[in-house]
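A.B. asks: No sequence on hand, only this structure:
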């Protein structure tokens, strides 16, 4: 095992609790954003958690990974469903790298030493 994710999740909650004591409105705002999607009822909780995991990987947020893995499992997500969602994250990140690679080539083409 690379990391004790359960212990880390508890550390994350403790840290967020400390922020909540120092800046309660920040945490209230975060909670409002986090729960806003639930109110539409268009996606079930498991689907939202699978999306959250794909985004967490894309953003490289370990805290997000531990919290949303726990939530996804509690909402019935299987290892195979999680793997499929992560496959989407890998594909989107690869696609983004390709798109941004075109920006590098554009920057190179417009460099004064090259364009001259």
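C.D. replies: Arrived safely, thanks for sending. Predicted model, so just to flag it, every value in this text is computed and none were measured.
A.B. asks: What are the buried residues along whichever strand or helix holds residue 17?
C.D. replies: Mapping residue 17 onto the secondary structure by DSSP states H and E places it in helix 5-22. Of the residues in helix 5-22, 9, 12 count as buried by neighbour count, 16 or more other Cβ atoms under 10 Å. The C-beta positions use only the backbone N, C-alpha and C, and glycine is treated the same way.
A.B. asks: Point to the residue nearest the middle of this structure.
C.D. replies: residue 56 (1.8 Å; Cα atoms, centre = their mean).
A.B. asks: Run through the chain and note the low-pLDDT ranges.
C.D. replies: Where the chain drops to pLDDT under 70, the residues are 115-116.
A.B. asks: the longest helix in it is where?
C.D. replies: Ranked by residue count, the top helix of the chain under DSSP state H comes out as helix 79-109.
A.B. asks: Run the chain-centre distance for it.
C.D. replies: Once both centres are worked out by Cα atoms, centre = their mean, to the nearest Å, helix 79-109 turns out to sit 14 Å from its chain's centre.
A.B. asks: going forward can the numbers begin at 58, since that is how I track them
C.D. replies: Will do, 58 is the new start, and the previous item becomes helix 136-166.
A.B. asks: Can you give the distance from the next helix or strand after it to the centre of its chain?
C.D. replies: Using DSSP H and E, the helix or strand that directly follows helix 136-166 along the chain is helix 169-172. Counting by Cα atoms, centre = their mean, helix 169-172 is centred 39 Å from the centre of its parent chain.
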